[in-house]
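[1] Sequence unavailable; structure follows:
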């Protein structure tokens, strides 16, 4: 069964601190993995996308890593800001021609001043 | 438009009534998806349209749910005889197939409340 598990479920950090969110998946065959940021009351917005051959990808203060052997990904946020408070969703696609993806339940990040 | 547009943004309906939710995808995006997000829960796949192919309806939770996509563009999700458990945010996303990156662009969603 294709599954995507994210941890922690929620996280509270102080502004300026770094944090790392985890995503483990059992999706097969793997096509690509994306991290999305979802602000409250908004739809998810793509942060990064990685294919099988990519180990790391950055988008500003966001850096995603992928270990295809262990089927793990992480999203590292550097020098957090209050605006980083959101849900972060890991999405793994396994059949892009059929539009098949499995979504994690997300990690809710709260950045406090 | 520049993004995926959904309407209405909020809908309150009485139990037993039918509702229609609208999604206007990004122009040229051939793929369109509907997802449901209950409070504090992850995204639940409902239905997927790709061009003129038969839609993938495997995620629809019951026969009270249906969706159409007219002219390969605008889509309408219809929920008949609404129940309280239908209360959720309904998100629409579109994707430009064939670019190698099947990333979704999501709308802001319709928050449905069944009272």
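    Great, that's in hand. All figures in this text were calculated on a predicted structure; none of them were measured in a lab.
[2] Now do the SS call for whichever residue of chain A sits closest to chain B.
    Here the residue of chain A nearest chain B is residue A:43; by C-beta to the nearest C-beta that distance is 3.0 Å. Yep, even glycine has a C-beta here, placed from its N, CA and C like the rest. What DSSP: H, G, I helix; E, B strand; the rest coil gives for residue A:43 is coil.
[3] That one reaches residue B:109, doesn't it?
    Yes: the criterion here is C-beta atoms under 8 Å, and residue A:43 meets it with residue B:109 at 5.6 Å.
[4] Between the two, which contacts overlap?
    residue B:91 (C-beta atoms under 8 Å, 6 or more residues apart in numbering or on different chains).
[5] hmm, back to that, what's the distance between the residue of chain A closest to chain B and residue B:16?
    For residue A:43, the distance to residue B:16 equals 29 Å [C-beta to C-beta, to the nearest Å].
[6] Repeat that for residue A:9.
    35 Å.
[7] Contacts only, for residue 15.
    Using chain A. Residue A:15 neighbours (C-beta under 8 Å, 6+ apart): A:80, A:81, A:82, A:111, A:112, A:113.
[8] The chain in question should be chain B.
    B:82, B:83, B:84, B:114, B:115.
[9] for it, helix, strand, or coil?
    Classification of residue B:15 by three-state DSSP places it in coil.
[10] Near the closest residue to residue A:110 other than its chain neighbours, how many other residues are there?
    Leaving aside its sequence neighbours, residue A:110 sits nearest to residue A:12 (C-beta to C-beta, 6 or more residues apart in numbering or on different chains; 4.6 Å). The number of residues packed near residue A:12 is 12, by other C-beta atoms under 10 Å in any protein chain shown.
[11] so residue A:12 is in which element?
    strand A:10-14 (DSSP states H and E).
[12] cool, residue B:46 as well?
    Secondary structure assigned from DSSP H and E places residue B:46 in strand B:43-50.
[13] If anything else comes up later, I'll come back, but that's it for now.
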